[in-house]
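Novice: Provided below are the primary sequence and the corresponding predicted coordinates.
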Amino acid sequence: MAADTPARVAIVMGSQSDWPTMRCAADVLDELGVAYDARIVSAHRTPDRLHSFGKGAADEGFHVVIAGAGGAAHLPGMIAALTHLPVLGVPVQSKALSGLDSLMSIVQMPAGVPTGTLAIGEAGATNAGILAASILALSNENIAERLKAYRAARSEAVAERPAD
Ligand code: RP5
């Protein structure tokens, strides 16, 4: 589907290795016709890039940031510290601790600097995409209509009874 432009959603991730997870956010935004810009921004390896992205995100025209990282996942919280935009944090499933470390790193923000924290892994990334579309839908009737259709299709896909 051709997306509404310009891109109002930024999808940022700490590493190329996060893309298979974060692609789920991109996929659902594609389905909903919502434009996004996906970038690698590491809190630990590219701190200068993190700072300029966070400080400049609103001026770039973004309305929502989806930020995914794994392990010591400081990326969503640091972006939330640098911008007033809503930040949706996706804990990427880590190898050593299965993403519990990512979740704990993202969810326990101090009062006053929120990150909306989603589920670990692909479900969280998909839901971050849907939530980002919901936020944009508040002021965009086209996205609202597509979101309603998406939700209705999901409901219709559920059978009344289980099949053998
Ligand atoms: C985090 O470390 C990234 O977000 C990624 O989830 C994790 C591992 O990164 P790589 O070593 O695969 O680059 O910063």
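Specialist: Received the coordinates, thanks.

Novice: how many other residues sit next to Lys55?
Specialist: 12 (other Cβ atoms under 10 Å). The C-beta positions use only the backbone N, C-alpha and C, and glycine is treated the same way.

Novice: in what helix or strand does it lie?
Specialist: Using DSSP states H and E, Lys55 sits in helix 47-56.

Novice: how much space separates the residue nearest to Arg23 when sequence neighbours are not counted from His51?
Specialist: Leaving aside its chain neighbours, Arg23 sits nearest to Ala125 (7.5 Å; criterion: Cβ to Cβ, 6 or more residues apart in numbering). Between Ala125 and His51 the distance is 24 Å, computed by Cβ to Cβ, to the nearest Å.

Novice: quick one: which of these two has more around it?
Specialist: Ala125 (29 against 16).

Novice: got a list of what that one touches?
Specialist: 21-25, 66, 68, 90, 118 (Cβ atoms under 8 Å, 6 or more residues apart in numbering).

Novice: the helix holding Lys55 vs the ligand: in contact?
Specialist: No - judged by Cβ under 6 Å from any ligand atom, helix 47-56 and the ligand are separated, with a smallest distance of 11.0 Å.

Novice: in the host helix or strand of the residue nearest to Arg23, what's buried?
Specialist: Using DSSP H and E, Ala125 sits within helix 122-137. Using 16 or more other Cβ atoms under 10 Å as the test for burial, helix 122-137 gives 122, 124-133, 135-137.

Novice: next: stretch 80-99.
Specialist: Result for stretch 80-99 [16+ other Cβ under 10 Å]: buried residues 80-83, 85-94, 99.

Novice: could you single out the nearest of these to Thr5?
Specialist: Closest to Thr5 out of the buried residues of stretch 80-99 is Leu85 (18.2 Å), distances taken as Cβ to Cβ.

Novice: report how many residues lie close to Asp18.
Specialist: Asp18, neighbours per other Cβ under 10 Å, totals 25.
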